[in-house]
Each structure stands twice: as C-alpha cells, then as structure tokens.
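**Student:** Next one to model:
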Amino acid sequence: MAAKSSDDKVDASNVDKSMDKPQESIALEKEQEEPIDISTLSEKRRALFEPLDPMLNTSGKRPSAESLLPPPDFESASYPKGWLIGKKRKLVNVDVVESMRRIAVQEMNRKDREIDGLNEQLEEDARCLEHLQLQLLDERSKRSEVERQNTMLQNQITLLMDMLQENDAIDQDEQDDGV
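**Tutor:** Alright, predicted model coming up:
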C-alpha cells in the first residue's frame, strides 16, 4: 500500500512536470510571435481589432440599440412600392399604416364624443347642484324665520303666563285681605 501511494506521487509529479513544459513552450512561442504579428499587420487588419466606440456613453450606461443602428435610407425608390420606413427603422406597409391611422382617428373621435357627453352631463349636474344649493339656502332662511317666530311666541307666552300668575297672586292677596 505504501509503495503504491509513493508510486502515485511520483507519477503525479511527472505528469505535472510534463504539463508544465508544453505550457511554458507555448507561452514562449506566443511571446516570440506577438511582436512579429503586430508589426506585420496592415492598418486595415489592425482596425478590425480596435473598438469602434466606447461601450459606455457619457452617462455611464450602455448605448441603446437605436444608436447602434446605421442611419436609415429615406430614398423612397429604394423600397418596394407601398412600403416605407416606420418607427425603429423597420419597413412597414403603407396600407397597414393608413388603416392603423384610420383606426386611431376613429378611436380619438369616439373618445372626443365620450368626453363631450361627459362634459354635458357635468354641466347639467352643475346646474342641478346650483338649483339644489339655492333651495337649501331658501329652506334655511325659512327655518331661521320660523325659529325666530317661535322664540317670539315663546316669549309672549311666558310674558302672558307671568301676567296671569301676577293677577292670580294679586287676586289671592285681595281674597286673603278681604277675609
């Protein structure tokens, strides 16, 4: 067992050494080739390896896909008949665009009619609310008038009751004196 494990160690170290040699030789070969390759590349080939634009824009974010697209060709002759450039620089059919525009206009007109109807209803509700507020004000004034009359009548009743009690007291005094 001990002999077998030592053999394994020797084999493993031999494998490591043998693997180091090819890697070292490959690395040396690459180092020797690189200066030669870089100097022999033409300007066009060198340009292929240089980045075109920085990957980050001024705000520190990646540029959008829109900014990476080439500019569109707006010559109508270069597109098939009935097609044009739409949003996001895609070819769209003119008939489809026209039908979508018609649908959008119809939808806007429907919304406008709906808004007009709601505005009319709102104006009618405002007139009704104003009428109800006037009625409420009138009812409040009537109620305050009735309350004033009630307090005046209550005062008159208490005055008359006081007068009756005084008369009863005087009559009783006279009867007591006369007896």
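
**Student:** longest single helix anywhere in this protein?
**Tutor:** helix 94-178 (DSSP state H).

**Student:** pLDDT on it, on average?
**Tutor:** Per-region confidence: helix 94-178 scores 93 on mean pLDDT.

**Student:** and that helix, what does it pack onto?
**Tutor:** The helices and strands touching helix 94-178, judged by 3 or more CB pairs under 8 Å, 6 or more residues apart in numbering; DSSP states H and E, are strand 83-85. (Each C-beta comes from the backbone N, C-alpha and C, glycine too.)

**Student:** Now do the strand it packs on, average pLDDT.
**Tutor:** Within the predicted structure, the mean pLDDT of strand 83-85 is 62.

**Student:** Please tell me how far D162 sits from D125.
**Tutor:** Between D162 and D125 the distance, using CB to CB, to the nearest Å, works out to 54 Å.

**Student:** Next: V97.
**Tutor:** 41 Å.

**Student:** So those two - more neighbours on which side?
**Tutor:** Between V97 and D125, counted using other CB atoms under 10 Å, the more crowded position is V97 (14 against 10).

**Student:** ok, that one to I103 distance?
**Tutor:** When distance is defined by CB to CB, V97 is 11 Å away from I103.

**Student:** can you check E130 too?
**Tutor:** To I103, E130 is 41 Å away according to CB to CB.

**Student:** Repeat that for N167.
**Tutor:** Between N167 and I103 the computed distance is 94 Å (CB to CB).

**Student:** can you check Q175 too?
**Tutor:** Applying CB to CB to Q175 and I103 gives a distance of 105 Å.

**Student:** Same check on Q154?
**Tutor:** Here Q154 is placed at a distance of 74 Å from I103 (CB to CB).
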